[in-house]
Structure formats: structure tokens, C-alpha cells
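J.: below is the structure, and that's it, no one-letter string:
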């Protein structure tokens with residue numbers, strides 16, 4: 001089990017395939033517009049296998065998912081849909097199966113790299129550490 005520390009605050013730096021991905025998972029056009037090049041700050045609190053993963057959006061909106069590796073947890077999608085998932089750790093990556101996409105997160109070169117995949121579309125988001 002990779003004991004990679006994810007704890008910290010990360011600010012959105014770049015992404016790839018955003019539009020294709022969010023259209024495919026059915027986000028509404030106003031949400032798509034709001035999320036585009038959005039300087040989201042991701043804050044990760046990690047205590048062993050327990051994580052609290054908070055996204056702070058401009059304008060004061062936040063979304064938090066708390067989970068424990070290998071235990072079923074209550075989660076929420078980008079569009080606010082609630083679901084249950086077992087979050088795993090594979091090769092130092094956090095892996096979660098969302099209802100309509102697979103999401104991985106890893107620390108690479110001091111950056112938080114998140115990849116979501118659905119129907120062959122790969123959405124990659126990179127955030128730089130700010131704290």
C-alpha cells in the first residue's frame with residue numbers, strides 16, 4: 001500500500017478534455033460554463049486511511065467527500081448526485097468508481113493529478129500545491 005501523503009491545498013492549474021467529459025456525464029450547460037477554467041481549490045485532509053476531500057469553488061460554494069480507503073462511503077458527484085462507493089488505493093493512487101465515471105487521484109511531481117474516465121473520454125485535471 002503506497003503511503004503517499006495527499007494532505008494539502010491545491011489550486012487548479014490546467015485540464016484536458018473538460019467539455020467532452022462533462023457533456024458526456026450530463027452536466028447542464030450553466031454548470032459546464034461555471035466549471036470551465038474555474039480556479040477550484042482542492043483541500044485534502046488525510047489521517048491514515050481516512051480522507052476529507054473538499055473542493056472550494058469561486059463564489060463560496062464547497063463540496064466535501066469524506067471516505068475511508070476500502071470501506072463503503074457516502075459520496076457526491078460533481079452534479080450533486082449522492083451515491084455509495086468503496087474508494088481504493090492502487091499503486092499510490094486513490095481510485096473511486098462514480099456512477100458514470102472512474103476517478104483516480106495521485107500526487108505526481110508535487111502536483112495533484114486527477115483523471116476521470118467515461119466511455120473512452122479521459123478528463124485530466126492538474127492542480128498545484130499552494131499549502
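T.: Yes, it's here. It should be emphasised that the depicted structure is a prediction, and the values quoted were computed from it without experimental measurement.

J.: how about the helix or strand bottoming out on mean pLDDT in the chain: buried residues?
T.: None of the helices or strands of the chain scores lower by mean pLDDT, DSSP states H and E than helix 29-35, at a mean of 83. For helix 29-35, the neighbour count (16 or more other C-beta atoms under 10 Å) marks residue 35 as buried. C-beta coordinates here come from the backbone N, C-alpha and C atoms, glycine included.

J.: contacts for that helix, please.
T.: Outside of helix 29-35, the residues within contact range by C-beta atoms under 8 Å, 6 or more residues apart in numbering are 18-19, 22-23, 27, 57, 78-79.

J.: and the next element down the chain from that helix?
T.: Following helix 29-35 in sequence order, the next helix or strand is strand 41-47 (DSSP states H and E).

J.: next, the buried residues of that next one.
T.: Applying 16+ other C-beta under 10 Å to strand 41-47 flags 41-44, 46 as buried.

J.: could you list the low-pLDDT ranges of the protein?
T.: 1-4, 37 (pLDDT under 70).

J.: what about the helices in it?
T.: Here the chain has its helices, by DSSP state H, at 18-24, 29-35.
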